[in-house]
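1. pasted the sequence and its predicted model underneath.
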Amino acid sequence: MAEQVQAALDPHYLEVLGGFAVEPGEAGFPAGTRTLLMIGPKEPGFWPHLQTQPEWGEAHPVDRWSRRVIGRVACDLGAKALFPFGGPPYQPFYSWALRTGRVWDSPVKLLVHATQGLMVSFRGALALPQTLPLPAPAVQPCGTCAKPCLTACPATALTGAGYDVPRCHAHLDDPAGAACLNGGCLVRSTCPAGAGYARMPSQSAYHMRQFHP
């Protein structure tokens with residue numbers, strides 16, 4: 001079944017980024033859920049593929065595409081699709097990610113993934129009624145890292161003290177913030193754990209423009 005899940009995701013450049021077992025009757029999940037799988041972009045290829053889809057050019061194309069595609073995959077697998085958008089209330093993707101053993105709190109409090117680093121993002125989750133083998137837990141990368149994320153923000157808006165959102169927006173309004181606005185958050189891109197993850201700068205720039213129109 002695990003192979004069947006990934007085979008259903010492959011045509012859409014999505015992959016299982018982690019998962020965890022759900023206890024019978026555990027609150028906060030669809031009835032009968034035994035396994036929750038966290039789904040995110042698979043690189044290389046995700047961003048060019050997404051731009052060919054019918055949702056592109058419409059309002060909220062990434063979320064609309066995610067709902068259609070992951071919703072269809074869920075139906076085909078007899079699962080339920082859950083999404084990090086569409087609230088409030090919102091599904092607790094942050095705490096779910098921490099249960100996978102492959103995602104952790106980073107020094108700057110953003111989620112950090114074993115292979116995608118601070119570039120990790122989730123497009124949805126699959127709540128399945130079967131107990132499935134799960135991706136193996138990984139070693140937390142921050143323990144042996146020099147932690148460049150702590151000093152990478154040129155505006156000191158994102159540090160170990162947390163995220164000063166107004167300070168970030170002010171920096172992006174200034175010409176000095178062009179590198180962040182046009183290429184993505186420098187804190188995310190400096191993470192060594194994600195150095196091999198082929199996320200395109202144009203994708204990061206798109207999301208920065210959504211955050212700071």
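-> Good, I have the coordinates. Treat the numbers as computed from the prediction; the structure is a model and nothing was measured.

2. quick check, Asn182 in a helix?
-> Yes: assigned with DSSP: H, G, I helix; E, B strand; the rest coil, Asn182 falls within a helix.

3. show me the contacts for it.
-> Taking CB atoms under 8 Å, 6 or more residues apart in numbering as the contact definition, Asn182 lies against Ala205, Met208. C-beta here means a position set from N, CA and C on the backbone, and glycine is covered the same way.

4. over to Arg102: give its phi and psi.
-> For Arg102, the backbone dihedrals (degrees, to the nearest 10) come out as phi -130, psi 0.

5. apart from its chain neighbours, what residue comes closest to it?
-> Of all residues not flanking Arg102 in the chain, Gly18 sits nearest, at 3.9 Å (CB to CB, 6 or more residues apart in numbering).

6. show me the beta-bridge partners of the one you found.
-> Under DSSP bridges, the beta-bridge partners of Gly18 are Met38.

7. can you count the residues close to it?
-> Neighbour count for Gly18, taken as other CB atoms under 10 Å: 27.

8. same check on His212?
-> 14.

9. for it, list the residues it contacts.
-> Counting by CB under 8 Å, 6+ apart, His212 touches Cys168, His169, Leu172, Asp173, Leu181.

10. and the residue minimising distance to the centre of the chain, what element?
-> Central residue of the chain (CA atoms, centre = their mean): Ser121, 1.1 Å from the mean position. Per DSSP states H and E: Ser121 is located in neither a helix nor a strand.

11. and the residue nearest to it when sequence neighbours are not counted, helix, strand or coil?
-> Distances taken as CB to CB, 6+ apart place Gly40 nearest to Ser121, at 5.5 Å, with adjacent residues excluded. Put simply, Gly40 is strand when judged by three-state DSSP.

12. roughly how far apart are Gly40 and Gly124?
-> Counting by CB to CB, to the nearest Å, the gap from Gly40 to Gly124 is 9 Å.

13. this protein: strands as residue ranges?
-> 14-21, 35-41, 80-82, 103-105, 111-113, 124-128, 158-159, 162-163 (DSSP state E).

14. which helix runs longest in the protein?
-> Identified as the longest helix of the chain according to DSSP state H is helix 61-77.
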